[in-house]
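Trainee: mind folding the following:
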Amino acid sequence: MSGSERRAEILRTLRASEMPVTATALAAELGVSRQIIVGDIALLRAAGEDIMSTPRGYYIIKYDSALVHTLACVHGKEDTEAELNAIVDNGCEALNVTVEHPIYGQLTGALNLRSRYDVERFMERLRAGSAEPLSLLTGGLHLHDIACPDEEAFTRVRNRLDELGMLYKQE
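Mentor: This next block holds a predicted model:
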């Protein structure tokens, strides 16, 4: 199989999957090393494919039936779990977190949290690791892109975050 055929097969697999697919799984399926898959993903991204990477694997962003909105939030690390649960409990998905760094500009990290289970796993990694949330770089101020099935769900999320005092409001 040529490199271009392999990359086409990677795209087919990622488009068909409802869950992230690891580089190890793709490598086993295609009979190549994990490093070859990592290189193929880099080439696919450079060609404009919207492939995201998470600790759970690669996936292609699918916003077919969802509305994507951006919310500005501000809170401390201790409120991260409540914030993320407010998003998923109201039927939306926390796609990412973005901060505006004074030196590096915009920094974005993929989240892709759809359920309390996803939030719990994320929080376990956050507590167990030595890394801090991106929002600590900006005094708690950050953005979330969230995918919602409809405007009503987005309104519920916005209202809940407002109740929790987490929506950023310019004074």
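
Trainee: what about the helices in this protein?
Mentor: According to DSSP state H, the chain carries its helices in the segments 3-16, 23-30, 34-46, 80-89, 116-128, 151-163.

Trainee: kindly calculate the angle that the third one makes with helix 23-30.
Mentor: Which is helix 34-46. Here helix 34-46 runs at 100 degrees with respect to helix 23-30, directions being taken by axes from the mean of the first three to the mean of the last three Cα atoms, to 10 degrees.

Trainee: can you give the contact residues for helix 34-46?
Mentor: Applying Cβ atoms under 8 Å, 6 or more residues apart in numbering, the contact partners of helix 34-46 are 3, 6-7, 10-11, 23-24, 26-27, 30, 51, 53, 58. Using the backbone N, CA and C atoms, a C-beta is placed for each residue, glycine as well.

Trainee: which non-adjacent residue is nearest Glu151?
Mentor: Closest residue to Glu151 apart from its sequence neighbours, by Cβ to Cβ, 6 or more residues apart in numbering: Leu67 at 6.6 Å.

Trainee: gap between the one you found and Ala147?
Mentor: According to Cβ to Cβ, to the nearest Å, Leu67 and Ala147 sit 7 Å apart.

Trainee: these two: which has the busier surroundings?
Mentor: Ala147 (23 against 14; other Cβ atoms under 10 Å).

Trainee: I figured that one hits Val68, correct?
Mentor: Yes. At 5.2 Å, Ala147 counts as touching Val68 under the criterion of Cβ atoms under 8 Å.
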